[in-house]
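1. For reference, the sequence and a predicted model appear below.
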Amino acid sequence: MSSWANSVSTELRSQQQTSMQTAKVRSAAVNQSFQSDVWFHSIDISLARDDNSNGYFHQLYVEFDADTDRAYRQVFAEFSLTPDFGREHVYYTSSVFELFRQSSNDWLAVETDLQHRYPANFYLLTIRIFDANSGYLLAEASGYDLSALDALPLEDYQRDQVPTYSRVEVSAGGTGIAMLLGLCWLLIRRQEQVIG
């Protein structure tokens with residue numbers, strides 16, 4: 001589990017079960033703008049937790065399977081979100097994991113709770129895979145290439161709270177008015193005594 005100032009993410013591998021049991025919102029065969037001997041085979045996205053029912057979610061689950069021409073490759077992945085008319089924010093960088101040719105058992109998933117600084121907006125998701133040894137970019141897929149990664153309706157947990165209202169009761173009765181009049185009368189009497 002990795003924690004970033006504005007989100008909390010849990011990394012899952014092909015050997016682990018996911019705790020997020022929501023229907024997949026988007027699933028796609030992947031077109032990508034950049035690839036080398038590594039490419040995305042599939043990307044699945046699920047959104048969950050719209051507590052205030054405004055259509056924006058604060059949990060994001062991204063699972064992908066990547067392939068390589070090589071027998072074995074150590075890589076790491078970077079996940080970022082870009083709001084409409086805003087800057088890109090890297091919200092998670094994975095640990096090193098391995099790709100084995102076209103195996104379907106080398107997938108990686110990241111489950112994220114957006115905590116702070118994500119106003120309700122439509123976000124573009126970008127996933128990049130880097131070589132673990134050199135740091136070179138090997139593959140990239142984003143909402144520019146694939147509509148399933150674009151316009152994700154997200155907001156942070158703090159903005160997704162259901163508003164709570166507190167009641168304040170104010171009452172004025174005969175006793176309250178009588179006390180106020182009595183205090184005014186005492187104040188006037190005291191001023192008369194000081195003057196006279």
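-> Cool, the structure landed. Owing to the predicted nature of the structure, the values given are computational and were not obtained by experimental measurement.
2. residue ranges for the helices of the protein, please.
-> The residue ranges that make up the helices of the chain, judged by DSSP state H, are 174-195.
3. Report the helix or strand with the lowest average pLDDT across it.
-> Ranked by mean pLDDT, DSSP states H and E, the weakest helix or strand in the chain is strand 2-4, scoring a mean of 39.
4. all strands of this structure, in order?
-> For the chain, the strands defined by DSSP state E cover 2-4, 7-13, 26-29, 34-35, 38-48, 59-68, 73-83, 89-93, 97-99, 108-114, 121-131, 137-142, 152-154.
5. hey, least reliable of the ones you listed by pLDDT?
-> Per-segment confidence across the strands of the chain bottoms out at strand 2-4, which has a mean of 39 in mean pLDDT.
6. Quick check, residue 146 in contact with residue 42.
-> No - the criterion here is C-beta atoms under 8 Å, and residue 146 misses it with residue 42 at 10.9 Å. Glycine gets a C-beta too; all of them are placed from N, C-alpha and C.
7. Neighbour count for those two, which is higher?
-> Under the criterion of other C-beta atoms under 10 Å, the comparison of residue 146 against residue 42 puts residue 146 first, with 20 against 15.
8. Over to that one: give its phi and psi.
-> phi -140, psi 120 (degrees, to the nearest 10).
9. Check the one 4 residues further on too.
-> The phi and psi torsions at residue 150 (degrees, to the nearest 10) take the values phi -110, psi 150.
10. Now do it: how many residues are near it, please.
-> As a burial measure, the neighbour count of residue 150 was computed by other C-beta under 10 Å and equals 16.
11. Wait, it touches residue 124, no?
-> Yes - assessed by C-beta under 8 Å, residue 150 is found in contact with residue 124 at 5.2 Å.
12. okay, and the common contacts of these two?
-> Common contacts of residue 150 and residue 124, defined by C-beta atoms under 8 Å, 6 or more residues apart in numbering, comprise 142-144.
13. Filter the residues you listed down to the buried ones and hand me the PyMOL line.
-> Only the buried members of these enter the following PyMOL selection, criterion being 16 or more other C-beta atoms under 10 Å:
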select buried, resi 142+143
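14. who does the spatially most central residue of the chain bridge with?
-> Compute the mean C-alpha point of the chain, and by C-alpha atoms, centre = their mean the closest residue is residue 114, 2.6 Å away. With beta bridges defined as DSSP bridges, residue 114 has these partners: residue 7.
15. again, but for the one 10 residues further on
-> Residue 124 has these beta-bridge partners by DSSP bridges: residue 82.
16. got a list of what it touches?
-> Per C-beta under 8 Å, 6+ apart, neighbours of residue 124: 81-83, 142-144, 149-152.
17. One more pass at 7 Å, please.
-> Taking C-beta atoms under 7 Å, 6 or more residues apart in numbering, we find residue 124 in contact with 82, 142-143, 149-150.
18. Distance-wise, check it relative to residue 158.
-> 22 Å (C-beta to C-beta, to the nearest Å).
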